[in-house]
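Colleague: I'd like to go over a predicted model; first the sequence, then the structure.
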Amino acid sequence: MADEGLCVPDGTVVNSIEVRDVRKVFGAGENAFVALDTVSVSIRQNEFFTLLGPSGCGKTTLLRLIAGFDFPTSGQILLYGEDIAGLPPFKRPVNTVFQSYALFPHMSVAENIGFGLEMLGKPKSEIGARVAQMLRLVRMEHLADRKTSQISGGQQQRVALARALAPQPKVLLLDEPLSALDYKLRKEMQLELKRLQHETGITFIFVTHDQEEALAMSDRIAVMSSGRILQVGAPREIYDTPAERFVAEFIGETNFIETDFLGRDGAQARVKLPSGREIRAGLSDGHQPADKTWLVVRPEHAQLTGAEGALLAGTVENVVYLGTDTHFHLRLDHGPRFTVRRQNTSAQAAGHHASAGSNESFQPGQRAGVTFAEGTARVLRD
């Protein structure tokens, strides 16, 4: 699936990277392994684009092909319209930041940042000016003379970013660079990476298996599985309107309900819930569901009510308080477990009591109903 690139004022479409029908096969014969299965995608100029998926889905393989560390079995990789699939890494205006930052511990922060420029034969005056600019960009001017073995993990990551950005690449590739950081520092660096991308205007292609990280940072996300791209879209689109079950399962928590497909009305499906109630739900383009199909409802789109007359009914099994929100886990009368997520408001935190029938009044062992707006439910491909 290929997406159109960014339109500049004169109407011209600009893509930094275009991947066209790329296959990558490791080994041969019975031992052949298809790492990428005819992948096509366009990555727009100046965008923060994320390749998201579980281990072994092909996201790092695709990144390595763009970087030139490996070559496709077939297909094309274009950089601003030029086929670079056969070019070695040093001939591509692309830089990579890896999980391990590969800094030189015997060099200072400034020396590490300037190392790549020295290898390119840049004049000392140009190197000095560029290093100073990069130090300001990553806010590390005060640590310019410190050895990289004497700074924190987050600071080392900033040095690695500055070193990769110093030669002014057209595209920066990031292979899970936040994986070694603790949770709080990862959150800080997510904002820092987004700031750097915005300020430099360079296309960032980011690889991660962390869906929360992808949602927080990306302009667009490509969800990958088994060497294929299943869906490309903005974070809200990927989360709210997943194209198929794998995408919905991988991006956030999701409730799945097996329903009977009754027919379609344009972009909506008519389905019968296990309770016997009939509703309409969103339907992906070109999807013709089978007699039995899966309905997806996000936990935050559902509410608890009294069991009588609800769309679904069951018994509350567990209530989990998580600070920002509370999760209610139900066992439905006719179906699987179902989770309802309720955000904890300031009024609740102040100790205000819930009214009868609201989410807060339900406790384990009680009967409860589930309701949700039809527009929030969606029928998915399996």
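Modeller: Ah, there it is.

Colleague: For stretch 71-81, give me every contacting residue.
Modeller: For stretch 71-81, contacts defined as CB atoms under 8 Å, 6 or more residues apart in numbering pick out 14-25, 36, 38-39, 65-66, 83-86, 92-94, 170-171. The C-beta positions use only the backbone N, C-alpha and C, and glycine is treated the same way.

Colleague: Ok, stretch 99-116 next?
Modeller: With CB under 8 Å, 6+ apart, stretch 99-116 has contacts from 95, 127-128, 130-131, 134-135, 140, 143-149, 151, 155-157, 159-160, 162-164, 166-167, 175-177, 179-180.

Colleague: What's the ChimeraX syntax to select whichever of those are buried?
Modeller: To isolate the buried ones among those in ChimeraX, judged by 16 or more other CB atoms under 10 Å, type:
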select :95,127,130,131,134,135,140,143,147,148,151,155,156,157,159,160,162,163,164,166,175,176,177
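
Colleague: Okay, and which of the contacts of stretch 99-116 map to strands?
Modeller: 95, 175 (DSSP state E).

Colleague: Determine which residue lies closest to the centroid of this structure.
Modeller: Nearest to the mean C-alpha position of the chain, by CA atoms, centre = their mean, lies Ala214 at 2.9 Å.

Colleague: out of the contacts of stretch 71-81, which are buried?
Modeller: Counted by 16+ other CB under 10 Å, those give 15-20, 22, 24, 36, 39, 65-66, 84-85, 92, 94, 171 as buried.

Colleague: picking up where we left off before, quick one: contacts for the residue nearest to the centre of the chain?
Modeller: By CB under 8 Å, 6+ apart, the contact list for Ala214 reads 50, 52, 206, 208, 221, 235.

Colleague: could you check the distance from it over to Gly53?
Modeller: According to CB to CB, to the nearest Å, Ala214 stands 10 Å off from Gly53.

Colleague: again, but for His209
Modeller: Using CB to CB, His209 is found at 7 Å from Gly53.

Colleague: neighbour count winner among these two?
Modeller: For His209 versus Gly53, neighbours defined as other CB atoms under 10 Å are more numerous around Gly53 (28 against 19).

Colleague: Not counting residues beside it along the chain, what's closest to that one?
Modeller: Closest residue to Gly53 apart from its sequence neighbours, by CB to CB, 6 or more residues apart in numbering: Met224 at 3.6 Å.

Colleague: Under a three-state scheme, what state does the nearest residue to Ile43 once chain neighbours are set aside occupy?
Modeller: Distances taken as CB to CB, 6+ apart put Ile17 closest to Ile43, at 4.2 Å, once the chain neighbours are dropped. Secondary structure assignment for Ile17 (DSSP: H, G, I helix; E, B strand; the rest coil): strand.

Colleague: likewise Glu212?
Modeller: Of the three states, Glu212 takes helix under three-state DSSP.

Colleague: Which secondary structure elements does the helix or strand hosting Val223 sit against?
Modeller: Assigned by DSSP states H and E, Val223 belongs to strand 220-225. On a contact count with 3 or more CB pairs under 8 Å, 6 or more residues apart in numbering; DSSP states H and E, strand 220-225 meets strand 48-52, strand 228-233, helix 235-240, helix 245-250.

Colleague: Give me the sheet partners of it and which way each runs.
Modeller: Note on strand 220-225: by DSSP bridges, its sheet partners are strand 48-52 (parallel), strand 228-233 (antiparallel).

Colleague: On the C-terminal side of the shortest one, identify the next helix or strand.
Modeller: Sequence-wise, the next helix or strand downstream of strand 48-52 (DSSP H and E) is helix 59-67.

Colleague: ok and that next one relative to strand 48-52, angle-wise?
Modeller: In terms of direction (axes from the mean of the first three to the mean of the last three CA atoms, to 10 degrees), helix 59-67 departs from strand 48-52 by 140 degrees.

Colleague: Thank you, goodbye.
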